[in-house]
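*Asks:* quick one: sequence and predicted model below, then my questions.
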Number of protein chains: 4
Amino acid sequence: MEILDMERVPELIRRSDVVFLALPHGVSAPAAQGVLKEGKRVIDIAADFRLPDSSLYEKWYKAPHGAPELLAEAVYGLPELFRQKISKAKLVANPGCYPTSALLALAPLLKNGLVDLRSLIIDSKSGVSGAGRALALGSHFCECEGNTKAYGVGTHRHTPEIAYYAGVLAGSSVDVVFTPHLIPVARGILSTVYARLNSSLDTSGLRRIYQDYYAEEEFVQVARDGELPETKWVLGTNRCFLGVVAAKKQAIIVSVIDNLVKGAAGQAVQNMNLMFGLPENAGLKQPVIYP
Amino acid sequence: MEILDMERVPELIRRSDVVFLALPHGVSAPAAQGVLKEGKRVIDIAADFRLPDSSLYEKWYKAPHGAPELLAEAVYGLPELFRQKISKAKLVANPGCYPTSALLALAPLLKNGLVDLRSLIIDSKSGVSGAGRALALGSHFCECEGNTKAYGVGTHRHTPEIAYYAGVLAGSSVDVVFTPHLIPVARGILSTVYARLNSSLDTSGLRRIYQDYYAEEEFVQVARDGELPETKWVLGTNRCFLGVVAAKKQAIIVSVIDNLVKGAAGQAVQNMNLMFGLPENAGLKQPVIYP
Amino acid sequence: MEILDMERVPELIRRSDVVFLALPHGVSAPAAQGVLKEGKRVIDIAADFRLPDSSLYEKWYKAPHGAPELLAEAVYGLPELFRQKISKAKLVANPGCYPTSALLALAPLLKNGLVDLRSLIIDSKSGVSGAGRALALGSHFCECEGNTKAYGVGTHRHTPEIAYYAGVLAGSSVDVVFTPHLIPVARGILSTVYARLNSSLDTSGLRRIYQDYYAEEEFVQVARDGELPETKWVLGTNRCFLGVVAAKKQAIIVSVIDNLVKGAAGQAVQNMNLMFGLPENAGLKQPVIYP
Amino acid sequence: MEILDMERVPELIRRSDVVFLALPHGVSAPAAQGVLKEGKRVIDIAADFRLPDSSLYEKWYKAPHGAPELLAEAVYGLPELFRQKISKAKLVANPGCYPTSALLALAPLLKNGLVDLRSLIIDSKSGVSGAGRALALGSHFCECEGNTKAYGVGTHRHTPEIAYYAGVLAGSSVDVVFTPHLIPVARGILSTVYARLNSSLDTSGLRRIYQDYYAEEEFVQVARDGELPETKWVLGTNRCFLGVVAAKKQAIIVSVIDNLVKGAAGQAVQNMNLMFGLPENAGLKQPVIYP
């Protein structure tokens, strides 16, 4: 592995069309400022530009925002939901991995006004790579192997991100209960999304709504009748696979992604493709690794 | 491994005080009949005597019940909730693994009338041993490793068992949404239970209610402030560990058990101890295996 | 998954240039006969054409050989060792996964006459996919997870395959001790190969011999000084990564492959590329999946 | 977890009969000195007193020995091999995990003069807990899961420990090649030991020698004909399980232990039992955890 010589960074930026920032939150904002000043576009993988205003950021991240004046022009980079805005953006905030899995599951319900906005529960299961490579006892093999746990119940920083964009989709504020769990896999997120239906849709009716909603999408697939997606079905790919069940006025949507691809780097590439008029799937055609 | 000579079974039963039945459902009921006729007590690990009436059994198990006349005397073997009845029972129905984890999490809420009985959601994550040793592609190492999935959404047979005994605890019928998931561990269940609070209890208030409810219980432990239980904390033990969070009128209870001990064989031993006036923890004092 | 209509097979063969056979051993030989008769080439992934004569086959596979007359024209499909013959072959026997990892580790030692031919020990560790998808208690998640074992010690059918081609490389018969082990990963083989050196080479001298031997090979890479390869370094790729140590007249070579790619399907594609004059890496450029 | 108040240590030592030291190597030696001076016995789990002289220690551990004058009275705490000495010892050096698995496999061969002392190869596979709880990238879940690697080839510090005590058993110096590997399990070591036989023993003859050698041992068990031990067979127990194969003048011995019990804390308790005339299995009767 080669370590970048920091002195060369300014020159590298000048020679680039777009800069991907994969920095700790808080560090990203001033870095983005510098890059934008050079007239280059930015795709930021940190959290700095995901929330709509600096007070919300400061409440959840416990620190002042580094570049609040840029928030107005930042675009949330979930292509299936905000494609037009992304294609014209100079600054894209790449979504968190949990919000990606949750919002793609929620969008057809919220855009079609099908559910009680006070009833949304998101129960997510994530692989350990979601916690990053930093050394921590919680990522030690002997702690994770053969084990599972919930964490950050009621306090995880992806909660306001999900709630805010769910509200944008619904056109109204929503309540979200979000519970992340750690499971002993390296990669993959499965989110189980619960919402109370306003009408008495059955499973096949609800599935049809999902199929219509995502009919044109290459990277979102709706499982067939009787099928529920598994995280290995998307391992190494930029895809989100959705399973749909409706029963007794309850919608249960199962959503799987590879947190390192659709949940991070792959989605960043998809955003770049949109920003530069490239085919949206350029560099993103790799087949799934299975088993 | 020695295989039991079937011819010797009648004699073995005559020499026993109690018989543990670990048979497929449907096979258990007539076997229990035979054992009871000999004047011996039965602890049945199958599902035959868990549901209160034969029509409910027949609806979910798609077969006629083998001994409906015994249902009235069968006692549901969850010691922390039905200890008195178990101690006098001749026929104990050992609970399912998922219902054990869910009902211990729900009981303090339901007995104290704290939650909306239409709002109960149980999202469970189970190790692969829950599916038994029978050979199936779904239990193949290469299918499970590095993978997770939901299954039986809306159709799992533990749903009516949870709903019925939750109703007994609440003194009123309840609605239960139950979603089981498979995670790549051999042993362990973690259930995340969601319920809407009737009042504005906070986490410490709710924890106090749980601590009071289980104050005398050796096998149920409530996690401390800021702590959420992990499945490895109970590996190899007969314990259930509960984590409690309340936020914005939502209760979130995390419950972990070893599905092969508190969720099956250990609980069966605990039931035997109660039925025969033995110390309730006899044979159940093994320390946790960690890591 | 679509199931092939068996009636369509003859027509499909007539429309093909080459047929990959992935059949049980014993079934492959007559199938190969049929395909060759149609004037089409065959790449056989079973064991039927790996051993040089039918008596050796019958001794280890306990069955008569189905097409002994084809053995003379079959070519062993390990491209790095038998590239010229493969490029002209009509019938290629794709090597076993263990022999691929072992022979690539042994070749530089044997071709250069560096080691005592009575001292070869191969200790291999394989993922569970090596045992196939067939249902067996030994592949059950709960048996494999958190576990490791040796199996087939002294009796594994890859032993004569390794010994025979090691002998071809050495130009003389060799003794091979081969011990396979199962480890709880889905994919990957790591073979640790021990051989007594004839001279007092040190690690860097031995590494230079390996680097020279594989200098032109795209799919075999020799680890750098101080580096030992890990199975995840080749996951999803057609590569073999070799680590080299010499100490006290003992060579210790560590060899890793993905058993489903370089150890099976990927190597079959590489063979096809050679047989048809295509670029040897066509279809085989996928990057590694890590972590 | 309660942290020990260091000020209380001297008093705690005075009130104890024996002190278990689980300290980093180098720190152990002076601590042992202090405890012995108080007239208390010591069981040291570090490496400080395992090697017979300080120069060997200094060569492999790259540091001066902290209490060389104690080496003469230190006893190597492998009860099955040195029981008499341990029972009279004041200072016991608890063996390393790899040496425990290797020496129990080698002892019957070496004590009976059955093998070429220049031919010993030990290929060990260890769970990640062998590396301790300290944070390191090599113990991160995402590095270990689905992966395997060799490490410390030719340089691991357990090499001289194995070689020295193998020499004591043989009554002559021996050469040992020792290659440790990391496999993705939390607990367990499997060592595959290779040695060239002097005579043409077959498997059943060799197994009989092992059965005789360990006939009186509670914690060492020889697998039956056709059986090879798996690490999960000893999980959570103080047992070593040995599998024996002889073929073409090669002995192949497979040895499994739980590295945290027979390979560390359990063996330390077994040593204490011997030192104090307690039943050797006191505190060590826990059944295996399986699966």
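*Replies:* In hand now; what should we look at? Residues are numbered from 1 along each chain as shown, chains lettered A, B, ... in the order given.
*Asks:* off-centre distance for the helix or strand harbouring residue A:31?
*Replies:* Using DSSP states H and E, residue A:31 maps to helix A:28-37. Centre-to-centre, helix A:28-37 and its host chain are 22 Å apart (Cα atoms, centre = their mean, to the nearest Å).
*Asks:* can you list contacts of whichever helix or strand comes after it?
*Replies:* For helix A:28-37, the following helix or strand on the C-terminal side (DSSP H and E) is strand A:41-44. Contacts to strand A:41-44, defined as Cβ atoms under 8 Å, 6 or more residues apart in numbering or on different chains, come from residues A:17-21, A:28, A:32, A:35-36, A:74, A:77, A:89-94, A:268, A:271-272, A:275. Placement of C-beta: from N, CA and C, glycine included.
*Asks:* pull out the buried residues from these.
*Replies:* For these, a burial check counting by 16 or more other Cβ atoms under 10 Å in any protein chain shown picks out A:18-21, A:28, A:32, A:35-36, A:74, A:77, A:89-94, A:268, A:271-272, A:275.
*Asks:* ok, the residue nearest to the spatial centre of chain A - contacts?
*Replies:* Nearest to the mean C-alpha position of chain A, by Cα atoms, centre = their mean, lies residue A:100 at 2.4 Å. Contacts for residue A:100 (Cβ under 8 Å, 6+ apart) come out as A:78, A:240, A:257, A:262-263, A:267.
*Asks:* pretty sure it is in a helix, no?
*Replies:* Yes. Under DSSP: H, G, I helix; E, B strand; the rest coil, residue A:100 falls within a helix.
*Asks:* which residue packs closest to residue A:175, ignoring adjacent ones?
*Replies:* Among residues not flanking residue A:175 along the chain, residue A:118 sits closest, at 5.0 Å (Cβ to Cβ, 6 or more residues apart in numbering or on different chains).
*Asks:* could you count how many residues lie near that neighbour?
*Replies:* Neighbour count for residue A:118, taken as other Cβ atoms under 10 Å in any protein chain shown: 14.
*Asks:* bridging across strands, which residues link to the nearest residue to residue A:101 once chain neighbours are set aside?
*Replies:* Take residue A:101 and drop its neighbours on the chain: the residue closest to it by Cβ to Cβ, 6+ apart is residue A:191, 4.2 Å away. Beta bridges link residue A:191 to residue A:124, residue A:255, judged by DSSP bridges.
*Asks:* buried set for the host helix or strand of residue A:205?
*Replies:* If you go by DSSP H and E, residue A:205 is part of helix A:203-213. Of the residues in helix A:203-213, those with enough neighbours to count as buried (16+ other Cβ under 10 Å) are A:203, A:206-207, A:209-210, A:213.
*Asks:* with just CA atoms, put it into CSV.
*Replies:* Output of helix A:203-213 as CSV, limited to C-alpha atoms (Å, rounded to 0.1, in the frame of the first residue of the first chain):
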residue,chain,number,x,y,z
THR,A,203,-48.8,-8.9,-0.4
SER,A,204,-49.3,-9.1,-4.1
GLY,A,205,-50.9,-5.7,-4.3
LEU,A,206,-48.0,-4.2,-2.4
ARG,A,207,-45.4,-6.0,-4.4
ARG,A,208,-47.0,-4.6,-7.6
ILE,A,209,-46.5,-1.1,-6.2
TYR,A,210,-42.9,-1.8,-5.5
GLN,A,211,-42.3,-3.3,-9.0
ASP,A,212,-43.9,-0.2,-10.6
TYR,A,213,-41.9,2.2,-8.5
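*Asks:* starting at the chain centroid, how far to it?
*Replies:* Distance of helix A:203-213 from its chain centroid, counting by Cα atoms, centre = their mean, is 22 Å.
*Asks:* quick one: residues in contact with it.
*Replies:* Residues from elsewhere that reach helix A:203-213 (Cβ under 8 Å, 6+ apart): A:107-108, A:111-112, A:114, A:197, A:201, A:222, A:225, A:242, A:244-247, A:251.
*Asks:* following that helix, which helix or strand comes up?
*Replies:* Toward the C-terminus, helix A:203-213 is succeeded by strand A:220-222 as the next helix or strand (DSSP H and E).
*Asks:* thinking again about what came up before, sort the contacts of helix A:203-213 by pLDDT and name the bottom one.
*Replies:* Of all those, residue A:247 has the smallest pLDDT value, namely 88.
*Asks:* residues from the stretch 1-150 of chain A in reach of chain C?
*Replies:* Taking Cβ under 8 Å from any Cβ of the partner chain as the contact definition, the stretch 1-150 of chain A meets chain C at A:129, A:145-146.
*Asks:* report the entries of those residues that also contact chain B.
*Replies:* A:145-146.
*Asks:* CSV for the residues of the stretch 1-150 of chain A next to chain C, including distance to residue C:166?
*Replies:* Output for the residues of the stretch 1-150 of chain A next to chain C, formatted as CSV (distance: Cβ to Cβ, whole Å):
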residue, distance to residue C:166
A:129, 40
A:145, 37
A:146, 39
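*Asks:* narrow the residues of the stretch 1-150 of chain A next to chain C to just the buried residues.
*Replies:* Those of these that meet the buried threshold are A:129, A:145-146, by 16+ other Cβ under 10 Å.
*Asks:* domain assignment for chain A?
*Replies:* In terms of domains, chain A is parsed into A:6-95+A:263-275, A:97-259 (source: automatic domain parsing).
*Asks:* among those domains, which comes closest to residue B:51?
*Replies:* domain A:97-259 (18.8 Å; Cβ to Cβ).
*Asks:* first to last residue in the closest one, what's the distance?
*Replies:* 5 Å (Cα to Cα, to the nearest Å).
*Asks:* quick check: phi and psi on the nearest residue to residue A:85 once chain neighbours are set aside?
*Replies:* Closest residue in space to residue A:85, ignoring its immediate chain neighbours: residue A:75 at 4.6 Å, by Cβ to Cβ, 6+ apart. Dihedral angles of residue A:75 (phi, psi; degrees, to the nearest 10) stand at phi -120, psi 140.
*Asks:* what does residue A:240 give?
*Replies:* Dihedral pair for residue A:240: phi -120, psi 130, per degrees, to the nearest 10.
*Asks:* tell me the spacing between it and residue A:80.
*Replies:* With distances taken as Cβ to Cβ, to the nearest Å, residue A:240 is found 8 Å from residue A:80.
*Asks:* what do the two both touch?
*Replies:* Counting by Cβ under 8 Å, 6+ apart, the residues touching both residue A:240 and residue A:80 are A:104, A:219-220.
*Asks:* out of those residues, who's nearest chain B?
*Replies:* Of all the shared contacts of residue A:240 and residue A:80, residue A:104 has the smallest distance to chain B: 16.1 Å, by Cβ to the nearest Cβ.
*Asks:* contacts only, for the closest residue in space to that closest one that isn't next to it in sequence.
*Replies:* Leaving aside its chain neighbours, residue A:104 sits nearest to residue A:240 (4.9 Å; criterion: Cβ to Cβ, 6+ apart). If you count contacts by Cβ under 8 Å, 6+ apart, residue A:240 has them with A:100-101, A:104, A:219-221, A:234, A:255-257, A:262.
*Asks:* farthest-separated two in those?
*Replies:* Pairwise distances across the contacts of residue A:240 (Cβ to Cβ) peak at 14.6 Å, for the pair A:100 and A:221.
*Asks:* SS state for the residue nearest to residue A:78 when sequence neighbours are not counted?
*Replies:* Sequence neighbours aside, residue A:95 is the residue nearest to residue A:78 in space, at 5.1 Å (criterion: Cβ to Cβ, 6+ apart). Of the three states, residue A:95 takes coil according to three-state DSSP.
*Asks:* next helix or strand past the helix or strand bottoming out on mean pLDDT in chain A?
*Replies:* Lowest on mean pLDDT, DSSP states H and E among the helices and strands of chain A sits helix A:9-14, with a mean of 92. Going down the chain from helix A:9-14, the next helix or strand is strand A:18-21, by DSSP H and E.
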